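Asks: sequence first, predicted coordinates after that:
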Amino acid sequence: MKAYSLLALARNGLAWQKDWQRAWRSPDPAAAYDVVIIGGGGHGLATAYYLATQCGVNKVAVIEKGWLGGGNTGRNTTIVRSNYLLDASAGIYEHAIKLWEGLSQELNYNVMFSQRGLLHLAHSVHDMQEIGRRGNAIHLNGIDSEFLTPQQVQQMVPFINLNCRYPVMGGLLQKRGGTARHDAVAWGYARGADAAGVDIIQNCEVTGFQIENNKVVGVDTTRGRIGAGKVGVVTAGHSSVLAEMAGFRLPLESYPLQAWVSEPIKPIIDCVVMSNGIHVYVSQSDKGELVVGAGSDAYNSYSQRGSFDLIEHTVGPLVELFPLFSRLRMLRQWAGIVDVTVDRSPILSKTPVENLFFNCGWGTGGFKATPGSGHAFAHSIAAGSMNEIAAPFSIDRFNSGALIDEGAAAAVAH
Amino acid sequence: MSDEREAPNRLPAGGSIDRDRPLSFTFDGKSYSGYAGDTLASALLANGVVLMGRSFKYHRPRGLIAAGSEEPNALMQLEKGDRTEPNTRATCIELYSGLSATSQNRWPSLSFDIGAVNSLVSRFIPAGFYYKTFMWPASMWLTYEKFIRKAAGLGVSPTAPDPDRYENTHAHCEVLVVGAGPAGIAAAAAAAASGARVLLIDEQNEAGGSLLASATGEQEPVRAWIADAVEQLQSNPDVTILKRTTVTGYFDYNYLTALEKVTDHLPPGSDPVAPRQRFWKIRARQVVIAAGAIERPLVFADNDRPGVMLANAVNTYINRYAVLPGRNIVVFTNNDSAYRTALNAANKGAEVVVVDTRREVDNTLVESLKNAGIKHFPGHAIVSVQGKLAVGAVRIMPLSEDGKTVQGQAWELSCDCIANSGGWTPSVHLFSQSGGKLAYRDGIAAFVPDAATVRSVNPCFSAGACNGTFSTTDCLSEGATAGRAAAIAAGFPGSDVQLPASDPASDDRGQGDIHPLWLVPTVHPVGEGAAKHFHDFQNDVTAADIHLAAREGYLSVEHLKRYTTTGMATDQGKTSNLNALAIMADIRGAQIPEVGTTTFRPPYTPVTLGAIAGQETGELFLQVRQTPMHRWHVEHNAVFEDVGDWKRPRYYPLGVEDMHAAVQRECAAVRDRVGILDASTLGKIDIQGEDAAEFLEMIYTNGWKKLAVGGCRYGLMLNEHGMIFDDGVTSRLGEHHFHMTTTTGGAARVLNWLEEWLQTEWPQMNVYCTSVTEQWAVAAINGPRARELLSTLTDIDLSTEAFPFMTTSEGQVAGVPARIYRISFTGELSYEINVPARYGRYLWDTLIEAGKAFDLCPYGTESMHVLRAEKGFIIVGQDTDGTVTPHDVDMSWIVSDKKDDFLGKRSLSRLDTARDGRPQLVGLLTEDPAFVLPEGAHIVSQVLDKPPMPTIGHVTSSYLSPNLGRSIALALLQNGKNRKGDTVQVQLMDGTVINAQVSSTVFVDEKGERARG
């Protein structure tokens, strides 16, 4: 892999850009791999990257039905944070942030991880109690967390309407939170994985599993049968479909989740602002677009189409919180499919089928976990058992009741 | 305007401008004049202004390309102050008197822009360059980013709230027709003739579509027919025509959205009544899409210089606005449609040269050029453009047979305008949003809707240019057919409309035989040399960038889009998408349909956020719920708290009291005498039906069948995981009639919960649930003197024998009908007096008046919380959080072990849910009785120098108890049940460690005698 650098840009500029390499190859699938990862989104590519670079697994393939990063990796609102209430959540999301902090350099690909702060607003006594508890929990987990007064909120976000329908009573700030360039994460991991020998096979859909004596030995695809020592499934909204192919069910429901951007404007809002009381979150991309999202649609669907009322229910709150944005315009809206568990925490787990592992259920908040999820999943697959960070997220918890109910506990859209 | 000099490019006659209404306006501080009927773009062009903006990345000087909403370059900052609006297309702004616009993304001025240094180093900053640098040192990224962010963006946001008003409205129709060009009008006429309710929508300020660009005398029979049809539609009461309205989104079940610019064509704020914009939400039984087509540019070297325009835009400026964009116009085309522009421009006195990439051109066209004295260069291409701030000249050369190279004699043609056409792209956006698939049609070199893929949930028809049908005669008949079919599909008899006779001589030819030439070669290979071939003007994406993306493996059309940002600017690729993917197809050696298209995402054109929000801003954002007693609270200085949608009095400060002082006083009054609380916000659900008791058995953890009529019982609801979900007292009013109360914030959630179970799981149950929260006003009087106070207002026997604790009674209170519940959330003797809401204020006033004799004290939610905490009563959502079982809060007594089933029962037996040592509710007494623990503070198992520290619980409720004279707290503590008496350590954020003793949760009246007395 030829490294990217300022010098490389200069050299290639002089050569009319002729000497750039392909970021990743487009190989035909081999007959068999040690590990096959199904799903070429951020989590799947990160898993493959760490398998090849850290776990000593030589033959790894990523199989992707469409194009890399075309699922939720390329459809989210790019927010990264680790200010979670529960220890298990804090464990994996903080693990991810630590990896995010060196990711551009590690991958030699600028993923534009920008720690410009993430602010949760509190709009009621109940919200204040919630951030009070969460702020303490985060702090004691060794993660940065600060309480802000409404005046401090105003200083960070000058044009906010503190006296909105539910007046802003305070805020919880994670300075190390922020955003990253979502596509770049998929591409950076793909390039890194490819350089480490991983075969990335796009436009190849899995149609079934080869299972012998309750042990997975390969996958059937639209490009033929591919043998596999182990298989990791990282297919987000379609995980329940893949589980069904493998002969079991997962406690997942898939919903459309929508987001939108405004036309680009000069910098007006520097940090990420999240409000559960008013139900909206917003940040401004480096390109200048306001990136806005909120809750998921109320019905199950595998289609990447949402209903417009959800969009309306983000615009109203945004204008309520930031009345100055009223004259700006919505440029583009879209939807992804999110796979949601009953406790709104992910599944990283062994399954009833030996050597078949699932990483799914990230719901509305998977992007931020990408490096941590891939890292924990890779090490767990390589070891054949879930590591310390992944272990709490086993599917066993739905039987035992040891739920990681971040949604119930913190009432946080995540 | 006779006394002023006419603008240099304004034609002396023609156009649909109103020369009797001159309008003055400013651009970048300079004053100009235009006419009513002008757009800002046409008025500037008339005044000879060519330079109108700077591009996003390279800050290249840019002028107008188009005359419609596809314009990528001429984006303006419209107006100033609180009405300023960034990124507004000059082509879509109807001129009004006093308009003020400024150019964007340039400093210090439009003609001299420092940012243009990017253009000088453009060689080193190709597509995606930022992924390859700005990584060292890692700590510098935020600094680099600050500069990147400053350089990015286009216009500026207002910094003050929007003074204008917007509306949302709904519309229903049988046939929605999108576009009022020939096809749309024919469709509307045909559908209306059937009797269907028709909604006809067009983004222009007048109907006519493509005909608005035609010259006087062209296609007269059609124009006459259109005028007549529009008149008939206008007079038809079943037809609504919305002009200045753009259909922006197509969602499932034929739900479409549209933005109407109601008063944007008037000076801001000049209409005192009408909203600025209106957002339409339309449910249509059938849709006819007649959205037309957009001309696409040819991708040639430096095709972005100001003065390079789309051929039909030039035609539009000439014919509709009476503006001749240049005196020396080079028309550069690969199809027939631009010849019309050439002839019209020549007719208006311009020197015109036609450069056609095709070697063979239809003879009648060649003849017509000859007759008009227009030079013709078939088989040639523009290889370079001179001029930076404005076009000065072009070089043309013969094209090779395959169109890949240029060779032979070069000619230099001086010019001030290039009118180019790469063909027409049908506007398939809405069809694609509806979920339909596209098919590539070779004959017109474009994608068209595949009618076979119309989804059944979104029945629609495409007609006219958006369907790849370009001649006006064909558009009319296709429109009429679609309108008729839509009416039939909507259940009406089909009707025919009389269309004008076809006249091949005057009909427009459309594209003729188009020569698909996606990238116009120069003497240099693409990407080498200084010239740039733009396909996406606003985002500065060039053919070389597509080559780079392909070289690096970003081959999928979505990767191409995201890597190069092509099609992601504010025009959403209206002029660029097809060119981009065709160039990619060429590089890959693939057919265009193999490369595919990116998803067309709503909205079609950007939509004002204020319009989507509509009326639901400010006070109407989410209506405040107020109890019947609300005014009294306001009059008595209450400080309110938001609880759900409600405003509840939190406390009533007297004089200079702060919350602490007020709460101490209020709490003491309740324990010593009597207090009054407005409890009207509590959720109330009336439950009736034969199976009501059976239903409650399933909903609550405890037994309900044996509850006597007139009895009240506290209940806990669990979710499927066995976790506490809501609580409240429910009373039996009759054999089959219960009155349920819920938490204030949980009322709607609980009703939904009940309905979900009734409707989806237990449909056999005969139970009806009705929300009666707002039907009852509730005054709760609490305290040892509550009985005495109430007895002054009612004949009901209030003795404990006649009216014991946890029962209900009906009668008159203060002369109005009332239900009294003798239940208590404070642990005191308490009566919750419910009266019909209309008597609420009367009851309250009467109680306050009668209470004077007892020193009655109104108290708010904060005191209520303290009082209940003294009793160890939980607040669901504060002391529980969705992860807490009844056993965890020491309420095992409420979980029936006799019932076969109730919601959550199974989960309570799960391994983790049933284990010992879970977080359990306990009391905490700090060593320092004056210290009040902050709510949310955590209990640690071990105090370390700094985090991380292992935690074992947290404080859920914490107050200074006036009745105990010390602080009290409730906490969820791991294995709390077995830690009573232990000392635990609470670690605060500032590093302080507070010692506290684990205690019972009941701090006052452990036996509960006060409430029963």
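Replies: Received the coordinates, thanks.

Asks: show the backbone phi and psi for residue 30.
Replies: Let's take chain A. Dihedral pair for A:Ala30: phi -80, psi 170, per degrees, to the nearest 10.

Asks: hm, I was asking about chain B
Replies: phi -100, psi 140.

Asks: just B:Leu925 next, same as before
Replies: The phi and psi values for B:Leu925, taken as degrees, to the nearest 10, are phi -120, psi 120.

Asks: what distance do you get for it to B:Gln987?
Replies: According to CB to CB, to the nearest Å, B:Leu925 stands 17 Å off from B:Gln987. The C-beta positions use only the backbone N, C-alpha and C, and glycine is treated the same way.

Asks: and these two? Which one has more around it.
Replies: B:Gln987 (22 against 19; other CB atoms under 10 Å in any protein chain shown).

Asks: pLDDT score for the residue nearest to that one when sequence neighbours are not counted?
Replies: Nearest residue to B:Gln987 in three dimensions, chain neighbours excluded: B:Val940, at 4.6 Å (CB to CB, 6 or more residues apart in numbering or on different chains). Listed pLDDT for B:Val940 reads 98.

Asks: next one: B:Asp503
Replies: So, for B:Asp503, pLDDT stands at 72.

Asks: that one should be in a strand, yeah?
Replies: No - B:Asp503: not assigned to a strand; according to DSSP: H, G, I helix; E, B strand; the rest coil it is coil.

Asks: check whether it really touches B:Arg223, as I assumed.
Replies: No - in this structure B:Asp503 lies outside contact range of B:Arg223 using CB atoms under 8 Å: 11.8 Å.

Asks: and the two? Which one has more around it.
Replies: Using other CB under 10 Å as the criterion, B:Asp503 and B:Arg223 rank with B:Arg223 on top: 19 against 13.

Asks: if I pick the residue of the stretch 351-500 of chain B found nearest chain A, what's in contact with it?
Replies: Residue nearest to chain A within the stretch 351-500 of chain B: B:Gly435 (7.3 Å; CB to the nearest CB). Listed by CB atoms under 8 Å, 6 or more residues apart in numbering or on different chains, the contact partners of B:Gly435 are A:Arg305, B:Asp252, B:Arg455, B:Val457, B:Asn458.

Asks: can you tell me how far the fourth one is from B:Leu176?
Replies: If you measure B:Val457 against B:Leu176 using CB to CB, the figure is 15 Å.

Asks: cool, B:Lys899 as well?
Replies: 55 Å.

Asks: so which of those two has more stuff around it?
Replies: Taking other CB under 10 Å, B:Lys899 and B:Leu176 do not tie; B:Leu176 has more neighbours (31 against 16).

Asks: get me the contact residues on the stretch 151-300 of chain A for chain B.
Replies: A:159, A:161, A:164-167, A:181, A:183-184, A:187-188, A:202, A:262-268, A:284, A:286-288 (CB under 8 Å from any CB of the partner chain).

Asks: got it, and the stretch 301-414 of chain A?
Replies: Close to chain B, as judged by CB under 8 Å from any CB, the stretch 301-414 of chain A has residues A:305, A:307-308, A:311-312, A:315-320, A:323-334, A:342, A:397, A:399-403, A:405, A:407-410.

Asks: any quick PyMOL command for the buried ones out of those residues?
Replies: Applying 16 or more other CB atoms under 10 Å in any protein chain shown to these, the buried members can be selected in PyMOL as follows:
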select buried, chain A and resi 307+308+311+312+315+316+317+318+319+320+323+324+325+326+327+328+329+330+331+332+333+334+342+397+401+402+403+405+407+408+409+410
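
Asks: tell me, how many residues neighbour B:Thr992?
Replies: B:Thr992: 10 neighbours (other CB under 10 Å).

Asks: buried ones among the contacts of B:Gly435?
Replies: Counted by 16+ other CB under 10 Å, the contacts of B:Gly435 give B:Asp252, B:Asn458 as buried.

Asks: so which of the contacts of B:Gly435 is the closest to B:Arg819?
Replies: Minimum distance to B:Arg819 across those is 46.5 Å, recorded for B:Asp252 (CB to CB).

Asks: now do the closest residue to the closest one other than its chain neighbours, the pLDDT please.
Replies: Using CB to CB, 6+ apart and skipping the chain neighbours, the partner closest in space to B:Asp252 is B:Val457 (5.2 Å). In this model, B:Val457 is scored at 96, pLDDT.

Asks: and the gap between B:Val457 and B:Ala485?
Replies: B:Val457 is 18 Å from B:Ala485, by CB to CB.
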